[in-house]
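**Student:** Got a predicted model here, sequence first, then my questions.
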Amino acid sequence: MTAAVAISLSVNGERVEANVLPRLNLADFLREHLKLTGTHVGCEHGVCGACTVRVNGDIVRSCLLLAVQTHNATVETIEGLSDSGEIADLQSAFRERNALQCGFCTPGMLMAAQDLLKQSPSPDRGQIREHLAGNYCRCTGYQAIVDAIESAAWARAGRLP
Amino acid sequence: MTSDKANPEALSALDRPNSYIGRTVPRPNLDRLMQGRGLYVSDVELPRMAHVVFLRSPHAHARIISIDASAAKQMPGVIAVVSGRELSTVITPWVGVLSHLKGLKSAPQSAIAVDRVCWQGEAVAAVVAASRAQAEDAAEHVLVKYEGLHAVTDMRTALDPATPVIHASLGDNLAFERIHDAGAVDQAFAESDEVVDAEFVFGRHTGVTLEPRAVVADWNVAEARLTIYQGTQAPHMVQNIAALHLGLKESQVRVVCKDVGGSFGIKVHIYADEMATYALSKLLRRPVKFVADRVESFNTDIHARDHRCKGKIGVKRDGTITAFEIDDLTGIGPYSMYPRTSAIEANQVVNLVGGPYVTGNYRARARVVFQNKNVMCQYRAVGHPIACSVTEGLVDLAAMKIGLDPLEIRRRNLIADNAYPCASPSGLRFEQLSHHAALAKLVQMMDYDALRAEQAALRVKNVHRGIGIASFIEVTNPSAAFYGVGGAKISSQDGVAVRLDAQGSVICQTSITEQGQGSESLTAQIVGSVLGVSMDRVRVILGDTDNTPYGGGTWASRGAGIGGEAALQATKVLRKNILDIAAAILQSTPGELDIVNNAVVKVADGAPRIDLSELARIVYFRPDTLPPGVQPELMATRHFVPREYPFAFTNGVQASWLELDTDTGFVKLLKHWVVEDCGTIINPQLVDEQIRGGVVQGLGAALFEKCVYDERGQLTNANMADYLVPMSGEMPDIDVGHVVSPTLESELGAKGAGEAGTAGAAAAVTNAVNDALKPFGAIVTEIPLTPQVILTALGRI
């Protein structure tokens, strides 16, 4: 087995130094080493989107990225986005619209939604559905999620629906 | 929305000032889940916790010649490698049968295979290590020698004399057979103007919960107690089964269920690997954690709906349906699941076919056979999608044959809304359904005539759209008739305890569980409404056998109807107790007082007399100031189970509007409508979201989902890249409407809503595809409706 590698990165604004095996993926590093269990593991092969986090500003599947690849990187998880208040309005819209049931997909869903709204402030429903196409939700049937993101987008743009 | 409430008592308990009943309010505790601060079993860590990985059989059927774990045991971090035989000293095998399913048989199943494996994915050995990665590494070094045996895979030949018998002790591969004959079916067919038959084929599919099954078992040898952290729908059932097979008393087992990442019936069963994890904890005297990976989920989470059902319908030229007949065949894998059995789905198909319609002539046969594939068992809307697709498919075929509009044939044959109570030819008793009101509402919501006009206009342009309608009935609020009468220790009653705390807030413990449906919310809404306190003062505790009353949990669309009624009744008692004490404190009478907005008020003028926090302070800290002989009881417990009707049937109707690409065979869903009747609606938003989520699960089955096995019993698409699930891009918006016929069996009047969406979605889509195919003279009766199925029907491939 290959020896552990030292990595240094920023996670939710905090400096993290760690020694990790090269095979350790970012999702397991966040969950098992840093105890950031808001990042969920659903399929471990990059399809379900439950493990979505932000690395250097882009959303990625943390199950498909190795922890060693985040050396010197800035990583943000659902805990960080929640504490900074960056997605408070999205979370509020999800709450009002009941856009989550079991909640297991929700951290990844919120990550993907915020990514969309940063790129495209006024997406239509088709664009929202398209952007979420890599995030699996078994509970809601997606409509409530699309509604919530649409209403948050309208509110950010200062417009009425 | 129409409401017809005939129970005046309910008005007094529920229709109070500031009632939350019928109101959309956000669910409590969503922030925890949205901030990533929930606690799913996969998040649980305990001191000295070890991780188990199961080595699983690559063969569908094989004898285990030898297991050599010597190299694996030397691997870093390995604590133990345990075979089935070794584990059998700790845990006994089980047989998944129920006595009321006459003739149902199955073979003893072990936590880990002993001597023989019967499906690809059955556990052969457990590797326990300090980390999951280390256990996985070591598992690769366990050497198992197998001798391959003939794999029985095709349900159609499973009963042939030439096919080997999977369990010799059972004599054949037939697990269960049910035959039902009502009315005069042969005569009815003979007197029909047209008789139409078809074979309906359903793809085996599975639940794909986003959080895989997970369990942490913690045997504390010093306490002689096992604590099981598990995402289960039925904690008391798990407690009973674990105790039974580990040789413990139920009081020695505690089941804790925090957040659950999706269940849908997948997590209402007892799985062999979960039993093995409990046993390993006992064997190794330390906490052991098992989290299935996605491949294991596909290979071991129960599958469902692997049915081939021949159906026949008779119809007169005036549209009168004269009879239904079915012959259903289903393959359930090598064992009947435990403890709910794998005969229930076929049994439900027999129960439900023809259910919405008047005709009393009905004949059915269902056969359930063993095969060397993963086990099948109850999954959301058990049997309903089969029964609904067969019934509604036949009704549409009959309508097509006599040239009648699909709506019209239903109008002429659905049971009249004023014909209740009545019974179906299979013996189901209906208290009050509303098929015609629901259909009328659906027609209005979808603007049926306009859609037909649009369809006709587009057909000229070679654009092929279809409209599909599907009426359905749904089993909800099951009494002991479901499992209890068959000998299973699965409670059909639920209990709720409510108490006023020392600051005037309410703590409510309920035996129903939460997997996202909104159990906490509906309980808090009922308690808050009946007591007269705001919801933010109500804290709901569930999912812990040490800290809730005994009860069934959340499955079979029972949480609101049964657990909700228990909450209502318990809170009525607490309210009375509070008013008695308030009267004593205020030198008034209970009848002159009420509780509104967290305070006791005078009924006459609504004036606040004493805040609940002040009343609680006096009761808990200054009881010396109360009149002599007054003993306050600020905690009340009530249980509820339906006694009059075995099941509270609901009904509804769905419609699909879609476009078919006849060159590629692709289906594009454009819109979906549902009208359903679940009785009293506690939270409209939660009901609608249950319906929508259920519909999309049904749409997945209709279009995408299938566990593809080869002839050797190998599951060839056990991953999320190859097994397709509905994603946001392909799903339509879904409009939901309601008719409200409360059950009079409870004061609350609520029936279930969790499975209605799944029950009828595939039938509506299939009927819509056939409607779109009409100009081509092609018919499809197989789901999933893949491009291959559609192009084959069109004769293009």
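**Tutor:** Everything's here; your move.
**Student:** Residue in chain B with the shortest distance to chain A?
**Tutor:** Closest to chain A within chain B is B:G36: 1.6 Å, counting by CB to the nearest CB. (C-beta placed from N, C-alpha, C; glycine too.)
**Student:** So what's the residue count around that residue?
**Tutor:** 24 (other CB atoms under 10 Å in any protein chain shown).
**Student:** What of the one 4 residues further on?
**Tutor:** Burial of B:Y40 is recorded as 22 neighbouring residues (other CB under 10 Å).
**Student:** give me the beta-bridge partners of it?
**Tutor:** Listed beta-bridge partners, B:Y40: B:D259 (assigned using DSSP bridges).
**Student:** Thought B:K258 was touching it, still the case?
**Tutor:** Yes - when contacts are counted by CB atoms under 8 Å, B:Y40 is listed as touching B:K258 (6.9 Å).
**Student:** what's the overlap in contacts for those two?
**Tutor:** B:G231 (CB atoms under 8 Å, 6 or more residues apart in numbering or on different chains).
**Student:** still on that earlier bit, next up, the contacts around the residue of chain B closest to chain A.
**Tutor:** Per CB under 8 Å, 6+ apart, neighbours of B:G36: A:L36, A:T37, A:G38, A:T39, A:T77, A:I78, A:E79, A:S82, A:P107.
**Student:** where's residue 17, which helix or strand?
**Tutor:** Picking chain A for this. strand A:14-20 (DSSP states H and E).
**Student:** which non-adjacent residue is nearest B:Y20?
**Tutor:** B:Q525 (3.8 Å; CB to CB, 6 or more residues apart in numbering or on different chains).
**Student:** Go over the secondary structure and confirm the one you found is in a helix.
**Tutor:** Yes - counting by DSSP: H, G, I helix; E, B strand; the rest coil, B:Q525 is located in a helix.
**Student:** count of neighbours near it?
**Tutor:** 28.
**Student:** Tell me the bridge partners for B:I179.
**Tutor:** B:R365.
**Student:** what residues are up against the closest residue to B:L404 other than its chain neighbours?
**Tutor:** Leaving aside its sequence neighbours, B:L404 sits nearest to B:G319 (CB to CB, 6+ apart; 5.1 Å). Going by CB under 8 Å, 6+ apart, B:G319 touches B:A399, B:I402, B:L404, B:E408, B:I409, B:R412, B:N413.
**Student:** do the same with A:E86
**Tutor:** A:Q114.
**Student:** any idea of the pLDDT on the nearest residue to B:D43 once chain neighbours are set aside?
**Tutor:** Nearest non-adjacent residue to B:D43, counting by CB to CB, 6+ apart: A:T37, 4.1 Å away. Looking at A:T37, its pLDDT reads 98.
**Student:** Not counting residues beside it along the chain, what's closest to the closest residue to chain B within chain A?
**Tutor:** Here chain A gets closest to chain B at one residue, A:G38, 1.6 Å apart by CB to the nearest CB. Spatial nearest neighbour of A:G38, chain neighbours left out: B:G36 (1.6 Å); criterion: CB to CB, 6+ apart.
**Student:** how's chain A carved up into domains?
**Tutor:** As assigned by automatic domain parsing, chain A contains the domains A:5-77, A:87-156.
**Student:** Find out how far the longest one is from the centre of the chain, if you would.
**Tutor:** Using CA atoms, centre = their mean, to the nearest Å, the distance from the centre of domain A:5-77 to the centre of the chain it belongs to is 11 Å.
**Student:** end to end, how far does that domain reach?
**Tutor:** 22 Å (CA to CA, to the nearest Å).
**Student:** List the contacts of the residue of chain A closest to chain B.
**Tutor:** A:T77, A:I78, A:E79, A:S82, A:P107, B:Q35, B:G36, B:R37, B:G38.
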